[in-house]
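1. Quick one, what's the 3D model for this:
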Amino acid sequence: MRGRGFLISIEGLDRSGKTTQSRLLVNSLRRMGYEAIYTAEPSVGEIGHFIRRHILQRRQRIPAVIEAVLFAADRVDHVENVIKPMLRRGKIIVLDRYIYSSLAYQGAAGLDLEWLMKINRFAPIPDLSIYIDVPLRVLARRVRRRRSVMEYPRIQREVRKVYMRLIMEGKIIPVDGNRSIKEVADEILRIVLDKLAELA
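-> Predicted structure coming up:
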């Protein structure tokens, strides 16, 4: 890498395969000689642990504003202790969810996108963001949590609308995720390598 690092975020709805694809991307880049690391949000820090344990795993209903602030607070910790140090060392960071997840999920809950960007203004904007797009009917079949059949598509449909807006604004590149894992991984790797070549 050059003197600075490179920040990639992989975005998608629940069960879209983003975690699998993030890890595959890191492995592919490492095999090619790049110094790449995988990390995810919520982070493994104390606030991230709280979010996972008390909100995501228990599926507790809390006001969207509180959820947004908690995710932003976790992101401060993540940025200062992981992302910025690794960027200064010239690493390629592959993020499994990042700023645009907050915009999509909390935006879908009715919060203002400009306000969400404002409380996350401390976080570096990704050099590249990729959204794995999978039809809602396919995602609904993948969900194994105890959630009503009707609730999942309704929530995710609103989240997807925000992601589509971000794509239209040129902030995110969409990838068709309704294909084999290898096909999706190959396209994501190509997009990343093309971007790295542009900046070389």
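2. could you pull out the helices for this protein?
-> Along the chain, counting by DSSP state H, helices occupy 18-31, 46-51, 64-78, 84-88, 99-108, 113-119, 136-142, 151-168, 181-199.
3. Give the other helices and strands that the second one contacts.
-> Packing partners of helix 46-51 (3 or more Cβ pairs under 8 Å, 6 or more residues apart in numbering; DSSP states H and E): helix 64-78. For every residue, glycine as well, the C-beta is placed using N, CA and C.
4. and the helix it packs on, how far out from the chain's middle?
-> With Cα atoms, centre = their mean, to the nearest Å as the basis, helix 64-78 stands 14 Å off its chain's centre.
5. Give me the contacts around it.
-> Residues from elsewhere that reach helix 64-78, judged by Cβ atoms under 8 Å, 6 or more residues apart in numbering: 39, 41-43, 45-48, 50-51, 55, 98-99, 102, 106, 109-111, 116, 119-120, 122-123.
6. Dump the C-alpha coordinates for that helix into PDB.
-> Output of helix 64-78 as PDB, limited to C-alpha atoms (Å, rounded to 0.1, in the frame of the first residue of the first chain):
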ATOM      1  CA  ALA A  64     -34.200   5.000  17.700                       C
ATOM      2  CA  VAL A  65     -32.400   8.100  19.000                       C
ATOM      3  CA  ILE A  66     -30.800   6.100  21.800                       C
ATOM      4  CA  GLU A  67     -29.800   3.300  19.500                       C
ATOM      5  CA  ALA A  68     -28.200   5.800  17.100                       C
ATOM      6  CA  VAL A  69     -26.200   7.500  19.900                       C
ATOM      7  CA  LEU A  70     -25.000   4.100  21.200                       C
ATOM      8  CA  PHE A  71     -23.800   3.000  17.800                       C
ATOM      9  CA  ALA A  72     -22.100   6.400  17.300                       C
ATOM     10  CA  ALA A  73     -20.400   6.000  20.700                       C
ATOM     11  CA  ASP A  74     -19.200   2.500  19.800                       C
ATOM     12  CA  ARG A  75     -17.900   3.900  16.500                       C
ATOM     13  CA  VAL A  76     -15.800   6.600  18.400                       C
ATOM     14  CA  ASP A  77     -14.100   3.800  20.300                       C
ATOM     15  CA  HIS A  78     -13.700   1.700  17.100                       C
END
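7. That helix: which residues count as buried?
-> For helix 64-78, a neighbour-count test (16 or more other Cβ atoms under 10 Å) marks 64, 67-68, 70-78 as buried.
8. Kindly calculate the angle that it makes with helix 99-108.
-> Counting by axes from the mean of the first three to the mean of the last three Cα atoms, to 10 degrees, helix 64-78 lies at 170 degrees to helix 99-108.
9. and helix 64-78, average pLDDT?
-> Regarding helix 64-78, the rounded mean pLDDT is 96.
10. ditto for stretch 175-191
-> Stretch 175-191 carries an average pLDDT of 97.
11. What residues of that stretch count as buried?
-> 175, 177, 184-185, 187-189, 191.
12. And those, which is closest to R15?
-> Among the buried residues of stretch 175-191, G177 lies closest to R15 (Cβ to Cβ), at 10.1 Å.
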